[in-house]
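>>> curious how this folds, go ahead:
(chains A, B, C and D)
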Protein chains: 4
Amino acid sequence: MIRSEGIPKIMKALKIYGPGDLRYVETPVPEIDEDEVLVKVIGTGICAGDVKIIDGAQMFWGGGVLPKWVSEPVTLGHEFTGRVVAIGDNARKKYGLNLGDMAVAEQIIPCGECPFCMNGEHWMCVQADIYGSKKEIAEGSMAEYIKFYKNSRIYKVPESIPEKNTAMIEPLSCAVHTIERADIKFKDVVVVAGLGPIGLCDLQLAKLKNPRLVIGIDVRENRLNLGKEYGADYVFNPRDCDVVEEIKKLTNGLGCDVYIHCSGHSEGVLQGLKMVRSHGKYVEFSVFMNDTAVDWSIIGDRKELDVIGAHISGIEGYPVAIHMLDKKIIDVDKIITHDFKMEDYKEAFQIAKDGRQSIKVVIRS
Amino acid sequence: MIRSEGIPKIMKALKIYGPGDLRYVETPVPEIDEDEVLVKVIGTGICAGDVKIIDGAQMFWGGGVLPKWVSEPVTLGHEFTGRVVAIGDNARKKYGLNLGDMAVAEQIIPCGECPFCMNGEHWMCVQADIYGSKKEIAEGSMAEYIKFYKNSRIYKVPESIPEKNTAMIEPLSCAVHTIERADIKFKDVVVVAGLGPIGLCDLQLAKLKNPRLVIGIDVRENRLNLGKEYGADYVFNPRDCDVVEEIKKLTNGLGCDVYIHCSGHSEGVLQGLKMVRSHGKYVEFSVFMNDTAVDWSIIGDRKELDVIGAHISGIEGYPVAIHMLDKKIIDVDKIITHDFKMEDYKEAFQIAKDGRQSIKVVIRS
Amino acid sequence: MIRSEGIPKIMKALKIYGPGDLRYVETPVPEIDEDEVLVKVIGTGICAGDVKIIDGAQMFWGGGVLPKWVSEPVTLGHEFTGRVVAIGDNARKKYGLNLGDMAVAEQIIPCGECPFCMNGEHWMCVQADIYGSKKEIAEGSMAEYIKFYKNSRIYKVPESIPEKNTAMIEPLSCAVHTIERADIKFKDVVVVAGLGPIGLCDLQLAKLKNPRLVIGIDVRENRLNLGKEYGADYVFNPRDCDVVEEIKKLTNGLGCDVYIHCSGHSEGVLQGLKMVRSHGKYVEFSVFMNDTAVDWSIIGDRKELDVIGAHISGIEGYPVAIHMLDKKIIDVDKIITHDFKMEDYKEAFQIAKDGRQSIKVVIRS
Amino acid sequence: MIRSEGIPKIMKALKIYGPGDLRYVETPVPEIDEDEVLVKVIGTGICAGDVKIIDGAQMFWGGGVLPKWVSEPVTLGHEFTGRVVAIGDNARKKYGLNLGDMAVAEQIIPCGECPFCMNGEHWMCVQADIYGSKKEIAEGSMAEYIKFYKNSRIYKVPESIPEKNTAMIEPLSCAVHTIERADIKFKDVVVVAGLGPIGLCDLQLAKLKNPRLVIGIDVRENRLNLGKEYGADYVFNPRDCDVVEEIKKLTNGLGCDVYIHCSGHSEGVLQGLKMVRSHGKYVEFSVFMNDTAVDWSIIGDRKELDVIGAHISGIEGYPVAIHMLDKKIIDVDKIITHDFKMEDYKEAFQIAKDGRQSIKVVIRS
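Numbering: from 1, shown residues only, chains lettered A, B, ... in the order given. Here you go, the predicted structure:
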């Protein structure tokens, strides 16, 4: 094992203890063994999911059809990259990493033995830890240091990617998986609804498939403007127009071929089901605060839809995301609008939640 | 054109005039041209959809995400077969039909010119008439006679299929399409929820794919018994047990691979989303009375599901259904529990809706 | 019906009478009815298939596993666009075309009644005429006029597309279908082998899907240079290097994910089977002169490949091709290297076949 | 670790030293560690591949598009089951196996680290050992004992499966994978060509999907008869009839929907390409002795086929095969026609190769 000088025993971290109960605390710096890696976190993006953990969403705390997900108390944070400060000999050999290298681990730590892991669906691992929420062992990255485990899927991050952008690797990897699930064709009219950080990545990635039209929807003008700048053929604000009608006008009344939903709001589900054409594809990536009430007849007997879920980054998300940031095929400069010191986390979360001026808010470690 | 003797000018029919307003009326017998066929209806099955038309479901009368569907007043009935009593010369040549032959037309009359028809998705035709509900021209089969149109997809029905069973061709064709959409593999555990006429066909068809297990769910014991008789490896009644737990017990806690929903009840959606495994398939065929409130996070960020809709009979439904009834691969004898004269329609609809003793109720013409 | 002035009764045309027997002859200008369209041909591209018809390939004249395809004598030519000079009233209403408009019909005239047509696979129609080869009724476009039939799939061509480029609509539409069949993902390394007119379109279209790498292979430097100009990340000439080794070097020894073959040479099949990775996709579009001898074990028990054929333009080829030329998303200016008057057809075919200086050769009508 | 009494140090085995050079030799009994299992082999089926290894096929020894595969000298045999005679503590815990239990390991030992293993395609592992041919470490089962490795995929075999049938688990698992790749629908006409042990399993499995017709083809009457007994709707012998014509007669001249090839003969490729319909599916499982010369135009520009390879047993083969033998859904009693003591291997291989009286020949250990 090789270790940098001066790694402390204790560090600061942001831990969730229950709905509404986020604390800035001291916690031990993780120990590693010969198969593991310790990185100094560069920065961590605040995910809409993090906000909803604090706000008590049933998706995280259980309720309705959803079991409890969070194992509190746990350090938040899964959108991270770090620099290697200690690395076991086996890990060094396996990944070719050295002290000082930038490196990222997937947000999920698959068990390697469950039916999903055995079938190559590691991102659905039933036993998995996910950094920052579903931990047995894996504390998140809103801390000074974070540990990569033997089962982690670890990637070296090239120096061509500016440090300040590395927190976007994880959200971009999720967008890559979402867009591959959407299976976009040249003939398609594609709508991306919800232009947060992932939606804006989805939109750029959808453009990279060169379908007939890519259309963005959001209620905030700053995000619509950025969508336009990122190549949206049209953007619409549901507060200003009937978005379903606008899409129908652009498609001879048929509706869009592909609807990609990442707004997290029920209204986005309803609009999507209305604007997607019969035999169309509705891709759901959102993290919701609430139930959505809708007549499921529209999925089956009326439109024969394919409603396709997308969960984190799939098989291909991370390597493709890193490649695209390396080659500057995707822009994230304008998506990251704010960064804060960890101690200013209250303001950071406040601005992230409000979202009128911010898009992605990063907490520096 | 050739015509049988004695076709009247006026016939009796069951017409819907609005929610709750079903009338037994006199109406003209349709005229046909050289591309068309007139059949004397043998019998018409009462579909759960017919009951919901009468009950005013938003799926048919509009509301929520759903536009109005029914073009009232219209004669009900789309589950039918008839015997040819008149046929145009072009139709005779095209279909090889003669007077007296049993024949069925698909429930949908595609326009032949819309994008769906041009792409071979005729069953999604945007302009389509559907017998018994969405008519411009096509009155349903709860009448003495019904007409097949130039654009109808018409099939000869072999005499090996007993007349009394022919009303099941349409529901079976829908089940065929549903099961092909489900894409069942040998390794799968398949749940069919809602053992009405289509669910019982789904269950038999699922068995014909020979997956690891086929499991039926319903709240009525007569239907569970018939499911068992049709080869279900297990049947469960949600009134007697926690069906989600039962399925998990049979699948090492993972959940079923494929969930086929045809109960029409919100509870079936919720149970399905809970019992289907991550990366599983949920196939929706139901006609609902109500909205279903559920957290859509489970589709995307929790389970990455494929929620697959199925609408009527697809490309392959009718020929496969006729083949299977001809070869006695599928049983419908026990599904058809009641038949009534048309004038006794009130009792027929009452018994169909109640469903405790009945499964499929047929109205003889 | 409306007709332009001055349409003659007799025109010049290039007809094939048998292998090696191409004649420049007089033939009647077609008559049209109210469902049909007559266009003055702008120009017709010489397809590699046209050259192989003249050269007697078994693909066209029968032999081995292939039945006879050509119905000689027939006017050659299926890569065309024209200007409307006469149009029936029904056709005018259906297509919104007027005298003088540019218009194209698909190269295939589907029957509308065979199983493929009924299933939305019109481009596989078993009864189909194909302009310029498989005619019952449909003489090709190496003539002054050509007729579009009732069953033709007709598209208006916008004036934004220069007349001289319109002969590329058909080849581009084939490339669109090929690339959609290839189902390219962001992570893929894609090889296009054979940079003729369709290969160069394939290459541009593959780039529009933004995979990790697009690589071109050809034995002619002019085509490799153009491939590079069209965005190929690498181009290789099998006369200068071991192309299989080059691809393996770029892929950690694994091989490419997708191999798109349009060279028409057996060597391209063998190279493709060697350079595609296990579980990779090999897409075959070529028209061959000869049999290819290879051990089919490599398809099954060694690499478990998907060998995917592509035939003409599928469902989506023409509208997408026209859209892309209209929006200048695809370049064909540099692909069309030569054009000739029809009377100079001998030189035209000679230069097309030689291919060292030419890429696409057009015969003006 | 627990061990049975009386395991010797030296055992007898059949080793291949080069084409034509099979030797009956003494070799050490493998040692195991705490992650491994030692089984006493019950019996090993002689695979057509084994015969072709001896006969020097380029598929195994290299040539044409195929690199060398065999790492000689190596003990042959990959179709096996054994009884546990020694087991490491980790393996015991992981698999729940005890001394005396029947157990099988997949024929492939995946590396767990290559791109295929990381993506859940372990059966395509590029580094993999395969028992009986591609060994670094893994000697085959034509020996008294065989070792299961840490990376082996190991399954307990229920006692409901007679010992004498257990050598069929591997071939049946390959057939399961082949048939799942074929994706058979109710409407399909399916041809299985080559009714050896795997073809006869393919045929039974194809029947279990209940397509419209299942048809068997072979040149040996004993196998055709067994095909018929196993439920083939028709069987044809190419020595007695024109099989392409027979299939066309049964399909209105269109050809079959799915052609599953496991004859290993070029003639089977040519017949398949001729008899499969346009847009049909050709599934290749064969191990060939020779190249096949055919015009590849038929794959692309003539029929737009999906030619789908199948390699060993995929993800799902072994558990499904064991389930089906356990539940007696598949019969193999009549497929196993001969068994021999190991010392009589010359006669065993002779009879296996001749194949006129034999189907599957087993070598008892």
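>>> name the element A:Val126 belongs to?
Using DSSP states H and E, A:Val126 sits in no helix or strand.
>>> which parts of the stretch 1-150 of chain A are strands?
A:2-3, A:10-18, A:21-28, A:37-45, A:74-75, A:79-87, A:102-105, A:108-109, A:129-130, A:145-148 (DSSP state E, counting those that start in this stretch).
>>> could you say what helices and strands the second one packs with?
Packing contacts for strand A:10-18, counted by 3 or more C-beta pairs under 8 Å, 6 or more residues apart in numbering or on different chains; DSSP states H and E, involve strand A:21-28, strand A:74-75. Yep, even glycine has a C-beta here, placed from its N, CA and C like the rest.
>>> most tightly surrounded among those strands?
strand A:74-75 (a mean of 23; mean count of other C-beta atoms under 10 Å in any protein chain shown).
>>> show me the shaky parts of the stretch 51-200 of chain A.
A:135 (pLDDT under 70).
>>> closest point of the stretch 1-150 of chain A to chain C, which residue?
Across the stretch 1-150 of chain A, the shortest distance to chain C (C-beta to the nearest C-beta) belongs to A:Gly120, at 11.3 Å.
>>> show me the contacts for that residue.
By C-beta atoms under 8 Å, 6 or more residues apart in numbering or on different chains, the contact set of A:Gly120 is A:315, D:118-122, D:315.
>>> returning to what we had before: in a markdown table, list the strands of the stretch 1-150 of chain A along with distance to D:Lys185.
Below are the strands of the stretch 1-150 of chain A laid out as a markdown table (distance: least, C-beta to C-beta, whole Å):
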| stretch | distance to D:Lys185 |
| --- | --- |
| strand A:2-3 | 58 |
| strand A:10-18 | 50 |
| strand A:21-28 | 53 |
| strand A:37-45 | 46 |
| strand A:74-75 | 48 |
| strand A:79-87 | 44 |
| strand A:102-105 | 43 |
| strand A:108-109 | 36 |
| strand A:129-130 | 39 |
| strand A:145-148 | 46 |
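>>> wait, which of those strands is closest to C:Phe340?
Nearest to C:Phe340 among those is strand A:102-105; the distance by C-beta to C-beta comes to 58.5 Å.
>>> adjacent strands (with direction) for the closest one?
strand A:79-87 (antiparallel), strand A:154-157 (antiparallel) (DSSP bridges).
>>> and the residue nearest the centre of chain A, what element?
Computing the C-alpha centroid of chain A and ranking residues by C-alpha atoms, centre = their mean puts A:Pro171 first, at 3.4 Å. Per DSSP H and E, A:Pro171 falls inside helix A:169-182.
>>> circling back: which of the contacts of A:Gly120 are buried? Put it as a ChimeraX command.
To isolate the buried members of the contacts of A:Gly120 in ChimeraX, using 16 or more other C-beta atoms under 10 Å in any protein chain shown:
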select /A:315 /D:120,121,122,315
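>>> ok, so of the contacts of A:Gly120, who is nearest chain B?
Using C-beta to the nearest C-beta, the contacts of A:Gly120 come closest to chain B at D:Ile315, 8.6 Å.
>>> and the closest one, how far from C:Ala105?
Look at D:Ile315 and C:Ala105: by C-beta to C-beta, to the nearest Å, they are 46 Å apart.
>>> quick revisit: distance to C:Glu72 added to the helices and strands packed on strand A:10-18, as a markdown table?
Output for the helices and strands packed on strand A:10-18, formatted as a markdown table (distance: least, C-beta to C-beta, whole Å):
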| stretch | distance to C:Glu72 |
| --- | --- |
| strand A:21-28 | 81 |
| strand A:74-75 | 77 |
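>>> pull out the buried residues from the strand or helix carrying A:Leu226.
A:Leu226 is part of helix A:221-229, with elements assigned from DSSP H and E. Buried residues in helix A:221-229, counting neighbours by 16+ other C-beta under 10 Å, are found at A:222-227.
>>> quick one: the residue nearest to A:Arg181 when sequence neighbours are not counted from A:Asp202, how far?
In this structure, A:Arg181 finds its nearest non-sequential neighbour in A:Ala310, 4.8 Å apart by C-beta to C-beta, 6 or more residues apart in numbering or on different chains. Going from A:Ala310 to A:Asp202 by C-beta to C-beta gives 10 Å.
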